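Chemist: A structural model of the following input is requested.
(one chain, ligands or ions: 1)
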Amino acid sequence: MIGPGSTIGILGGGQLGRMTALAAAELGFSCHVFAPEPDSPAFAVARFTRARYDDENALDAFAASVDVVTVEFENIPVAALERLSRTRPVRPGPSVLAIAQDRLAEKRFLSEHGFPVTPFFAVRSAREAVEAARAAGGRAVLKTRRWGYDGRGQRVIASAAEAQAAFEALGGGELVLEAFVPFEREISVITARRSDGARASYPPVENRHERHILKTTTAPAPVSEALAREAVALAEAIAERLGVVGLLAVEMFVAPGDRLLVNELAPRPHNSGHWTQDACAVSQFQQLVRAICDLPLGDARPFAAAVMENLLGEEVERWPQLLAEPGARLHLYGKREVRPGRKMGHVTRLRWDVPLGFTR
Ligand code: AMP
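Modeler: Numbers count the residues shown, from 1 in each chain. You can find the predicted model right below:
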């Protein structure tokens, strides 16, 4: 067990690292953040090292200063995670991150272990893109294998005839083509898992995107109890199979007929879990600390329904009204530069009028 008073190393300096460090401080832990970007939001609330992920001296000094290492961003180079794991527990481990960094490896892992995914195809040329689109039935999504997020690195195509242009628009290289899912809604489940296999899961939530960026999360998701149970069981089974220690966010599509298909995995705190800060006794961030330190996991049942709204770009300028709004719980990330679509903060509103439904 890694107890209060210990130091948690966090790779990545974004808002997820910032909120993890704040939650760790509430339990008496210190954090040391490692990130290359000068204006990292997490630097303002913890000790930090600003260095590249391939700076071995900086990595070694960082390892020597912490008791356990976690990540707030899944694209940390695996070599850095492996180096740190020689001397410190890295949770989740390098093999989990290696899968989550590569959409093709992730889809293969899921399908090989019998988890439901939309049909997918590896694509390395325009010709393969066209063939894959035909095999997928025409309507499809072409995605880069790596570094895709918030809709970057993907193109929706209506038919195989558009596959070549989409391949070229993405700059070619190694891609994945997925059959388009005519989903009814998008949901996600965040599950926490300790090294001894103990687990705790938040109820499924519904996510709505605007221009491919998460705009609102509604918790719990308005789905049947049976579907909610199935979604939680699916997320827990994936975390177990992957051997995640920490958090795993599982994004899923609800396809017609209440069929669940896994879209994406994120082995870290997730934007769709921010509502837990204000509607649960233990937030996803504190739950991460508990999971990686082998502490008792907290109760993941919400005490109220909630809607979380992201403040994107200039929407952050609404902060004075939001501060004045009764019941609105505002969280700002301290980012100085406002850019269109940039996640600047979020606001959570509790919904006492909405029944909680299935929450375990
Ligand atoms: P991703 O980056 O894979 O999470 O995709 C971003 C968003 O694109 C998802 O949240 C969906 O709204 C949409 N999307 C991704 N893949 C598919 C798919 N196979 N079928 C339909 N929509 C998709």
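
Chemist: Near the ligand, which residues of this structure? Just list them.
Modeler: 118, 141, 148, 151, 178, 180-181, 186, 209, 212, 251, 263-264 (Cβ under 6 Å from any ligand atom). Placement of C-beta: from N, CA and C, glycine included.

Chemist: Check those residues for burial and list the buried ones.
Modeler: Buried by 16 or more other Cβ atoms under 10 Å: 118, 141, 148, 178, 180-181, 186, 251, 263-264, out of these.

Chemist: Let's see which of those residues end up in strands.
Modeler: Those of these mapping onto strands are 141, 178, 186, 251, 263-264, per DSSP state E.

Chemist: Which of the three states applies to Glu309?
Modeler: With DSSP: H, G, I helix; E, B strand; the rest coil as the basis, the three-state label of Glu309 is strand.

Chemist: Would you confirm that it contacts Val347?
Modeler: Yes: with contacts counted by Cβ atoms under 8 Å, Glu309 reaches Val347, the gap being 5.2 Å.

Chemist: just to revisit the earlier point, so which of the residues of the chain next to the ligand comes closest to Ser95?
Modeler: Ser95 lies nearest to Glu264 out of the residues of the chain next to the ligand, by Cβ to Cβ, at 17.8 Å.

Chemist: Spatially nearest residue to the closest one (excluding sequence neighbours)?
Modeler: Among residues not flanking Glu264 along the chain, Glu251 sits closest, at 4.4 Å (Cβ to Cβ, 6 or more residues apart in numbering).

Chemist: count of residues packed around the closest residue to Leu332 other than its chain neighbours?
Modeler: By the measure of Cβ to Cβ, 6+ apart, the closest residue to Leu332 outside its immediate chain neighbours is Gly345, 3.9 Å from it. By other Cβ atoms under 10 Å, 21 other residues sit near Gly345.

Chemist: Ok, the one 5 residues further on next?
Modeler: For Leu350, the neighbour count with other Cβ under 10 Å is 19.

Chemist: a strand runs through the residue nearest to Leu332, doesn't it?
Modeler: Yes: applying three-state DSSP, one finds Gly345 inside a strand.

Chemist: Could you pick out the one among the buried ones among the residues of the chain next to the ligand with the lowest pLDDT?
Modeler: Least confident of these in the model: Gly148, at 71.

Chemist: Now do the same contact list for it.
Modeler: Residues near Gly148 by Cβ atoms under 8 Å, 6 or more residues apart in numbering: 103, 154.

Chemist: now the protein, which segments are flagged as low pLDDT?
Modeler: Low-confidence segments of the chain, defined by pLDDT under 70: 149-151, 358-360.

Chemist: mind giving me the domain ranges of it?
Modeler: Here the domain parsing of the chain from automatic domain parsing is 7-90, 119-179, 185-351.
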